[in-house]
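Visitor: Generate coordinates for the sequence data below:
(one chain, ligands or ions: 1)
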Amino acid sequence: MSDCLFCKIIAGDIPSAKVYEDELCYAFRDIAPQAPVHVLVVPKEHIPSCDGVDDGNDALVGHIFTVIPKIAAAEGLTNGYRVISNVGADAGQTVPHLHFHILGGRRMPDQMV
Ligand code: AMP
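Guide: Next comes the predicted model:
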């Protein structure tokens, strides 16, 4: 989508700190990290959020979940990490392109919210 921030990052029109890339997905460091390691993993195909996952793109999401542990290992997150995907306004989603936050490098709060 031409007006999507993450589509522009994937296309290289907006700079990012790339962590990983393959034919289906792209990962880069969050510009405002909330943990020592804060990486965003996004599908190259524009999907607005988890709400847009269906039978036509579920394999893509499954692929991302094979990539997440590889990124976590490469980032040295041997003691665990958190994966978050915000969906919609009540969750605080600010970029309407499906993305998974990988957060780690410190003990996360015991409560998720
Ligand atoms: P969410 O609030 O779940 O939609 O997450 C969007 C994330 O994108 C936030 O954590 C932002 O800090 C991050 N973000 C926004 N713009 C950029 C950018 N240009 N490069 C990297 N991360 C960004």
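
Visitor: Let me know the pLDDT of residue 30.
Guide: We have a pLDDT of 98 for residue 30.

Visitor: if I pick residue 94, what's in contact with it?
Guide: Residue 94 makes contacts with residue 86, as judged by CB atoms under 8 Å, 6 or more residues apart in numbering. Every residue, glycine included, has its C-beta placed from N, CA and C.

Visitor: Could you say which helix or strand holds it?
Guide: For residue 94, there is no helix or strand it lies in under DSSP states H and E.

Visitor: That one and residue 5, how far apart?
Guide: For residue 94, the distance to residue 5 (CB to CB, to the nearest Å) stands at 9 Å.

Visitor: Could you list the low-pLDDT ranges of this protein?
Guide: Residue ranges of the chain with pLDDT under 70: none are present.

Visitor: Ends of stretch 10-24, what's the gap?
Guide: Length of stretch 10-24, first residue to last, CA to CA, to the nearest Å: 11 Å.

Visitor: Oh, that last question was meant for stretch 77-96, not what I typed.
Guide: OK, stretch 77-96 end separation, CA to CA: 27 Å.

Visitor: How far does it sit from its chain's centre?
Guide: Put simply, stretch 77-96 sits 8 Å off its chain's centre (CA atoms, centre = their mean, to the nearest Å).

Visitor: Which positions in it come out as buried?
Guide: 77, 81, 85-87, 93, 96 (16 or more other CB atoms under 10 Å).
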